[in-house]
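> when you get a sec, could you give me coordinates for this:
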Amino acid sequence: MYMNIGMTQGNAILLIILLFWVLPWKGYALWVAAQNKNKFWFIAFLILNTLAILELIYLFFIIKKRWKDIKHDFKSFFGRSKNKNS
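A predicted model of the protein is given here:
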């Protein structure tokens with residue numbers, strides 16, 4: 001019996017949702033690890049895909065970031081990209 005294991009519409013939507021969940025956490029964790037000169041963690045985040053579980057453990061339990069600090073970092077990053085001259 002032949003099974004079609006191609007991408008269905010439901011799988012595509014799930015993949016998009018996962019990308020929107022994983023990419024910001026992975027990017028932020030990579031940025032924090034680079035700032036803290038944590039080469040081990042940086043390489044681990046770069047190579048491993050744990051659906052942001054490892055990144056969350058690092059951010060909240062290893063370096064003990066507070067949610068308030070994370071929100072501030074995201075706001076300052078996205079606020080910086082706006083044109084402030086107008």
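> skipping adjacent residues, who's closest to residue 49 in space?
residue 22 (7.4 Å; C-beta to C-beta, 6 or more residues apart in numbering). C-beta coordinates here come from the backbone N, C-alpha and C atoms, glycine included.
> remind me what the strand or helix carrying that neighbour packs against, helices and strands.
Taking DSSP states H and E as the criterion, residue 22 maps to helix 9-35. Packing partners of helix 9-35 (3 or more C-beta pairs under 8 Å, 6 or more residues apart in numbering; DSSP states H and E): helix 39-47, helix 53-57, helix 67-80.
> would you check how far apart the residue nearest to the spatial centre of the chain and residue 9 are?
Centroid check for the chain by C-alpha atoms, centre = their mean gives residue 25 as the closest residue, at 1.9 Å. Separation of residue 25 from residue 9 (C-beta to C-beta, to the nearest Å): 26 Å.
> you'd agree residue 42 is up against residue 31?
No: counting by C-beta atoms under 8 Å, residue 42 does not reach residue 31; the two are 9.4 Å apart.
> more neighbours: the two, which one.
Using other C-beta atoms under 10 Å, the more surrounded residue of residue 42 and residue 31 is residue 42, with 18 against 14.
> okay, now the closest residue to the more buried one other than its chain neighbours: neighbour count?
In space, and not counting its chain neighbours, residue 42 is closest to residue 33: 4.1 Å by C-beta to C-beta, 6+ apart. For residue 33, the count of nearby residues is 23 (other C-beta under 10 Å).
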